[in-house]
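Colleague: Next input, structure requested:
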Amino acid sequence: MMNKWLFRLLYCLLFTLFACAKEPVKTETPLPVVSGIVNAGFDDDGKEVRTPTGWSLSGDTEAVSVVMSGGKGNFVLYYNLDAAYRVTATQTVNDLEDGVYNLEFYYQNSGGQNCCYVSAGSSPGTEKMTSLQTTPDVWGMSVVRGVEVSGGKCVVSIISDANGGMWTKIDNLTLKKSDKAYHLLKGGDLSQLSYIEHMGGKFYDNGKEKDCFAILRDKGFNIVRLRLYNDPGNPAYSPSNRLPSGFQGPSDILQLSKRASNAGMQIMLTIHNSDYWTNGKTQHKPHAWENMSFTELKEAVYNYTYDYLSTMKKEGVTPAFVALGNETVNGFLYPDGAYSNSPVQMSELFKQGYLAVKAVSPETIVLVHLDDAGNRDKYDWFLSELGRHGVPYDMIGASYYPFWTRKTAAEMREWADYVSQKYDRDIFIMETGYTWNSTLPDGYPGQLSDNGPYQNVYPSSPRGQKEFLLELFSEIKKSRNGRVTGLLYWDPVMIEVPGVGWELGANNVVSNTTLFDFSGNALDALSVFTYNN
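Modeller: Numbers count the residues shown, from 1 in each chain. Okay, here's the model as predicted:
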């Protein structure tokens, strides 16, 4: 225990020293353009052709042509065929300096393909991929970020697997040297999975029943979010008694962490510091902490965090990320830790959580998590307050739903560029969601009664959900300096199962926003996770 207390003392001294330090602002350094892609703008032939100079074709090559169009030059690469097709155009770029690159390109896309993406990498299995969103009427720009070049070569590929009449145009591919690696984290909150399975829920991929973790791993998930409650489902206390017993508490979350680790996924642990769900309005203290003094409460936050992280570490499942509370824009552990009660007390509780995480695992990234991504004023106010009170944190977590925020993905990305630069922190999208069906099975709209600015753009359908995620991933990739590092989908596995609800006896209000249909079949939106990294 002595090392633990010495660690806390050292950090407290550092907080005092730097409490009033001004948040640093980093400026973006332009990346050098690298030559090497032959016929990158498809203008070298000077005419319309079937096979562009410098590119090798495979698959249904009759779908390929170079045509005049309104791209960045006179000609563009064009994929289209009346019948279903799968085609790839490939070029190996040689004599590159080893390191990290970004591949920028322009495109126009009908949408609807099984998959349509640009990839780049030095060898099979190391490629970075970016899928194309639907942009039939305008030219868009996108980027394959964090391409790791070794051996001086990079293989650039343009792939489409489409039904007849679905088309893609590509122009002006440009390699740029980067100064940082980029590994997109993509996953979802699987905290309810044990409960869903216990109640009889099953999951299927192409009609075949499989373990849910295996399906999500194979579809591209590389991280899961797990939310930890202190004592959920205890019938003697409210609101703990609103939840089923045996789930989302310390033991269940440890078992889910092991399943995630065995599937090769990283762990994002959200410590709610409550027996029940918390958010910007509701932050119940655990019943065991109700009558503590503030000094005792600080000790409880530290010890609980330290002890649980120590258990995870001992079991070989140390989380890569820990969020201190959920959507804590007004603080947590009310009333003691509410901002309106005492900003100083709120800050002290955050500090205790941070100290405890770092004492167990200095490498673990600690987040503060707010709602309403896109709201500059809210984040400016809260993050400035954390800075003013010397609260340490490593990353900013944000919830982004078109329904709740009323922002497009592009508006969210513009906000992220502003916040990440001003506060010099990466951003993680902790929650997002989109309806794949307009109602729940009983006809009720569900928690997301509309899709905000996308309501009349992408329908509440499996394809509409996929189209939204294609756009969201594209915007994340385009974030300045790659500072939006990942995305977690909200309750992707809370499918329609008899007896399963948000609380005991309540309806399941998110079964029309999952990544599986009402019967547990994997939806096509999961392919977006497959072809983006």
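Colleague: Which positions in stretch 120-132 come out as buried?
Modeller: Using 16 or more other C-beta atoms under 10 Å as the burial criterion, the residues of stretch 120-132 that qualify are 120-122, 127-132. C-beta coordinates here come from the backbone N, C-alpha and C atoms, glycine included.
Colleague: of all those, which comes closest to residue 508?
Modeller: Nearest to residue 508 among the buried residues of stretch 120-132: residue 131, at 29.6 Å, using C-beta to C-beta.
Colleague: Just to check, that closest one is in contact with residue 531?
Modeller: Yes: using C-beta atoms under 8 Å as the test, residue 131 is close enough to residue 531 to be in contact (4.5 Å).
Colleague: where do the contact lists of the two overlap?
Modeller: When C-beta atoms under 8 Å, 6 or more residues apart in numbering defines a contact, the residues bordering residue 131 and residue 531 alike are 115, 117.
Colleague: number of nearby residues for the closest residue to residue 527 other than its chain neighbours?
Modeller: Across the structure, with C-beta to C-beta, 6 or more residues apart in numbering as the measure, the residue nearest residue 527 apart from its sequence neighbours is residue 115 (5.9 Å). Neighbourhood size, residue 115 [other C-beta atoms under 10 Å]: 17.
Colleague: for residue 115, phi and psi?
Modeller: Listed backbone geometry of residue 115 is phi -160, psi 150, with angles given as degrees, to the nearest 10.
Colleague: and it, what are its bridge partners?
Modeller: Partner residues in beta bridges with residue 115, using DSSP bridges, are residue 161.
Colleague: ok so, going back, rebuild the buried residues of stretch 120-132 as TSV, extending it with pLDDT, distance to residue 333 and secondary structure.
Modeller: Supplementary listing: those in TSV, determined by pLDDT from 0 to 100; distance: C-beta to C-beta, whole Å; DSSP: H, G, I helix; E, B strand; the rest coil:
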residue	pLDDT	distance to residue 333	secondary structure
120	98	47	strand
121	97	46	strand
122	95	49	coil
127	95	45	coil
128	97	41	strand
129	97	42	strand
130	98	41	strand
131	98	41	strand
132	97	45	coil
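Colleague: what's the most distant pair in these?
Modeller: Spatially, the most separated pair among the buried residues of stretch 120-132 is 122 and 132, at 22.6 Å (C-beta to C-beta).
Colleague: residues contacting residue 503?
Modeller: Taking C-beta under 8 Å, 6+ apart as the contact definition, residue 503 lies against 242-243.
Colleague: That one in helix, strand or coil?
Modeller: Following DSSP: H, G, I helix; E, B strand; the rest coil, we place residue 503 in the coil state.
Colleague: ok, so what distance separates it from residue 433?
Modeller: For residue 503, the distance to residue 433 equals 19 Å [C-beta to C-beta, to the nearest Å].
Colleague: Same question for the host helix or strand of residue 255: list its buried residues.
Modeller: Assessed by DSSP states H and E, residue 255 sits inside helix 250-262. Going by neighbour count (16+ other C-beta under 10 Å), the buried part of helix 250-262 is 250, 252-254, 256-257, 259-261.
Colleague: Name the nearest of those residues relative to residue 140.
Modeller: The shortest distance between residue 140 and any of the buried residues of helix 250-262, using C-beta to C-beta, involves residue 260 and amounts to 34.2 Å.
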